[in-house]
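Visitor: curious how this folds, go ahead:
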Amino acid sequence: MAEVNLVVDVNLEEMAKQVQAARDIIDDVSALLEDAARSVVIEVVNATTCKLLYVGRNVSHGTFEVLPGTVIEPFSPNVFGARSSSGAVGTGTEGIVRYAMDDVGTEFRVRWDNPFSGGNEAQAFIEGPNKDLYSYSHMITGGNKKVPARFVVGEKALLRDPESAWITCDRCKALFYAPGGSQGACPPTKHTDTISVSSDDGTYIFVTGDVWDPHQPKGWILGVPYGQYALHRSEGWRRCQNCKMLYWDGELNNGRGVCPSGFLNSNHAHAAEGQAYLLPYDVKTAPGLQNDWRFCEKCFVLFFEPHDVDNSCAAGGKHRPTAHKFQINIV
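Guide: Numbering: from 1, shown residues only. From the prediction side, this is the model:
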């Protein structure tokens, strides 16, 4: 029977290609099914930022030769095997396995059917309060013995940023928007400059003040996801139109962060531009994601913690990280 896909999106397919069981694991399960009249090698791929917790199974026909795992970690697979019962005549293997996706009752369920006569079938479906956050796909081939079946569940929320124009500043270690290279305002370095500004009566006057030098890009081009919400996503992240850094547009300890750009921005307040971003946090790092990005509770920007020995905060001194670790994708 040809491959069947019910619900597929680009993000799911991208993640599924990077998360699959090793060939030797599949071969080991296949070897245990050698003598069965009907058998299926089942791979369940968790391409989400959440754990899948095994909660139950129902085998209408046949039995398990290899049981499903109790936990499937984020961005990880699990392989198990089902077969027709020994000595049974004219029966195949059919069953359902259920996984909990959160603590509010959302479940991912997979079903296979390798009958004694007729074509093979597979189904996948999600039920529960958060079902609209997820997407899934499934496939099963034809044949009688060691038939491969694959089920994939992912999140509709993006882990990739189509803009892909972010980079780390070599001086302040913050993430800044750099479609044209150096720009924005970097905390450690500044110089005095004089510029002309329009006054209230329409004339121009000259003003002298401190101007922060632009960020210096270094390292990989990075992407920041946006769009639909998902579990383990932090909301409210914006690009500052003054310093060009990614910052959290909220309030903490009666403060709203510090923007390093001065002169015409004398109150040093971040100013949002563009869209809002959603950052994955405190999850197992998926292929292509860079871990160890942290939120500074003083200036409110995102910075790369492994370089915190030489970072610089717009609020003075070094960045002060909170407990959460954020993931940014490498383009």
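
Visitor: before we move on, which element is residue 312 in?
Guide: Assigned by DSSP states H and E, residue 312 falls within no helix or strand.

Visitor: surely it meets residue 303?
Guide: No. The pair residue 312 / residue 303 is not scored as a contact, 9.4 Å apart, by CB atoms under 8 Å. Glycine gets a C-beta too; all of them are placed from N, C-alpha and C.

Visitor: who has more neighbours, the two?
Guide: residue 303 (26 against 20; other CB atoms under 10 Å).

Visitor: so what touches the helix or strand where the more buried one lies?
Guide: Assigned by DSSP H and E, residue 303 belongs to strand 302-304. For strand 302-304, contacts defined as CB atoms under 8 Å, 6 or more residues apart in numbering pick out 168, 172-175, 237, 245-248, 279, 292-296, 311, 319, 321, 326, 328.

Visitor: joint contacts of residue 312 and residue 303?
Guide: By CB under 8 Å, 6+ apart, the residues touching both residue 312 and residue 303 are 172, 173, 319.

Visitor: most neighbours of all the residues you listed, which one?
Guide: Result: residue 172 is most packed of the shared contacts of residue 312 and residue 303 (other CB under 10 Å), 30 neighbours.

Visitor: residue 268 versus that residue, what's the distance?
Guide: 14 Å (CB to CB, to the nearest Å).

Visitor: next one: residue 130
Guide: Distance from residue 130 to residue 268, by CB to CB: 39 Å.

Visitor: how about the helices in the stretch 51-200 of the chain?
Guide: In the stretch 51-200 of the chain, no helices are defined using DSSP state H, counting those that start in this stretch.

Visitor: can you pull out the strands in it?
Guide: Assigned strands in the stretch 51-200 of the chain, in chain order: 52-61, 63-66, 71-72, 76-83, 93-100, 107-114, 121-127, 134-140, 147-155, 166-169, 175-177, 190-198 (criterion: DSSP state E, counting those that start in this stretch).

Visitor: chain center to the fourth one, what's the gap?
Guide: Taking the mean C-alpha point of strand 76-83 and that of its whole chain, the gap between them comes to 24 Å (CA atoms, centre = their mean, to the nearest Å).

Visitor: same question for the shortest one.
Guide: Strand 71-72 has its C-alpha centroid displaced from the chain centroid by 17 Å (CA atoms, centre = their mean).

Visitor: now do the second one
Guide: Strand 63-66 has its average C-alpha position 33 Å from the chain's average C-alpha position, going by CA atoms, centre = their mean.

Visitor: what do you get for the first one?
Guide: Taking the mean C-alpha point of strand 52-61 and that of its whole chain, the gap between them comes to 27 Å (CA atoms, centre = their mean).

Visitor: tell me the pLDDT at residue 267?
Guide: We have a pLDDT of 67 for residue 267.

Visitor: same check, this time on residue 320
Guide: 91.

Visitor: that one and residue 295 touch, don't they?
Guide: No. Judged on CB under 8 Å, residue 320 makes no contact with residue 295 at a distance of 9.5 Å.

Visitor: can you pick out the residue with more neighbours from those two?
Guide: Shown here are residue 320 and residue 295; by other CB under 10 Å, residue 295 has more neighbours (26 against 14).

Visitor: can you confirm the more buried one is in a strand?
Guide: Yes. The assignment for residue 295 (DSSP: H, G, I helix; E, B strand; the rest coil) places it in a strand.

Visitor: for residue 304, see how far away it is.
Guide: Distance from residue 295 to residue 304, by CB to CB: 12 Å.

Visitor: pLDDT weak spots in the protein?
Guide: 1-11, 87-89, 160-163, 188, 190-199, 205-210, 262-267, 307-311 (pLDDT under 70).

Visitor: domain assignment for it?
Guide: Per automatic domain parsing, the domain ranges recorded for the chain read 10-155, 166-330.

Visitor: out of the shared contacts of residue 312 and residue 303, which comes closest to residue 159?
Guide: residue 173 (22.6 Å; CB to CB).
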